[in-house]
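Asks: turn this into a model:
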Amino acid sequence: MAQLWTLRGNLHFPRGELDACLRAHGRALEYARQAAAPEDIARALGGLGDAQYQRGRMHTAHAEFSRCVSLCEEHGLAGLRLSYLPMVATTEAYLGNFESALEISGRGEAAAAQAGDLRTQLLSQSLRAMVEIYRANYRQALSSSERGVSLAREIGARRFEAEALALRGLAARGLGDHAFAQESLAGSVAIAREAARTYCGPWALSSLALATDDPARSRALLDEGEHWLADGCVSHNYLEFYRHAIEVSLRSGDWDRAESYADALEAYTRDERLPWADLVIGAGRLLARTGCAAPGAKARNDQDALLAEARRMQFNEIATLIAGGSRP
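Replies: Predicted coordinates:
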């Protein structure tokens, strides 16, 4: 029963079925504890981490994933430990700890390479690409995302392929290769529409909007992404979509819309605030307000504080946005 409920929860996760996912993994943990089965307990804890991650509760998710990995290490469950180390790293990144996220991911990737675990290698490469994009290390991000695309195709994981293609496109954009960025991001959106809408659809759409010079097309892509978010998606879609949507709006001089996206991100993370999201929200609001009016002393002080926090976190993409101002 523990294993059946875990399977059920795992099926709810990529479909964005938040409540059903949480209930299923909770039931799995109950049965696993009744059976006194350490592996099933660890698997259920990992599932609960997935369910909390899906809801955007990164602090709680990180705690559940960490408990899962610790139990795996205690009982020698090497394969299951590898499955969840990338999620410990991913939640660490959203908590604003980029160096720690890369270190955890690197440990998992090295062990996965020895074990021939392609899935963990894929997730580790995608996590590395994501963090290096935040840090504006685009060449490293491109290399990791290229490897991620290759691994996703090797194991036939379409949703992970869509995610890796989005990361490859963002890395290429950062390097100024606009044609390759458009090609990769269009491919990501195509797969998302077909097979990964709730897993990474809005993220892919907003990434393509960010790389698109045509304001009308960018607006249409963001509108489509908002419709998908309203239907329910895995949490990283909300975080990444709103970050990109804020930047697209700032670029076009739509200050009100930039603030509305910052408000939406704040509402989404209200239950468990994230340093990553707080920085994005603060930058979006500051740049929207200084974009439509001359900055005063308070705005300059706010800018200095946000810039210092972005540099401390190594969130160099946001630091560049803050330092560069908001006028289109």
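Asks: now residue 119. Nearest residue, chain neighbours left out?
Replies: residue 155 (6.4 Å; CB to CB, 6 or more residues apart in numbering). Backbone N, C-alpha and C define where each C-beta goes, glycine included.
Asks: correct me, but that neighbour touches residue 122?
Replies: Yes. The pair residue 155 / residue 122 is scored as a contact, 7.0 Å apart, by CB atoms under 8 Å.
Asks: the stretch 1-150 of the chain: helices as residue ranges?
Replies: 2-12, 18-35, 38-54, 58-75, 78-94, 98-115, 118-134, 138-155 (DSSP state H, counting those that start in this stretch).
Asks: make a markdown table from the ones you listed and add mean pLDDT, mean neighbour count and distance to residue 238 to it.
Replies: Listed next are those as a markdown table, based on pLDDT from 0 to 100; neighbours: other CB atoms under 10 Å; distance: least, CB to CB, whole Å:
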| stretch | mean pLDDT | mean neighbour count | distance to residue 238 |
| --- | --- | --- | --- |
| helix 2-12 | 95 | 19 | 17 |
| helix 18-35 | 95 | 19 | 12 |
| helix 38-54 | 96 | 25 | 11 |
| helix 58-75 | 97 | 20 | 12 |
| helix 78-94 | 96 | 23 | 11 |
| helix 98-115 | 95 | 18 | 19 |
| helix 118-134 | 97 | 25 | 15 |
| helix 138-155 | 98 | 20 | 21 |
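Asks: so which of those helices comes closest to residue 205?
Replies: Nearest to residue 205, of all these, is helix 118-134, at 16.8 Å by CB to CB.
Asks: can you give me the angle the closest one makes with helix 138-155?
Replies: Helix 118-134 runs at 160 degrees relative to helix 138-155, counting by axes from the mean of the first three to the mean of the last three CA atoms, to 10 degrees.
Asks: and helix 118-134, what does it pack onto?
Replies: helix 78-94, helix 98-115, helix 138-155, helix 158-174, helix 316-324 (3 or more CB pairs under 8 Å, 6 or more residues apart in numbering; DSSP states H and E).
Asks: would you turn these into a markdown table with distance to residue 45?
Replies: Shown next, in a markdown table, are those (distance: least, CB to CB, whole Å):
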| stretch | distance to residue 45 |
| --- | --- |
| helix 78-94 | 9 |
| helix 98-115 | 17 |
| helix 138-155 | 25 |
| helix 158-174 | 23 |
| helix 316-324 | 33 |
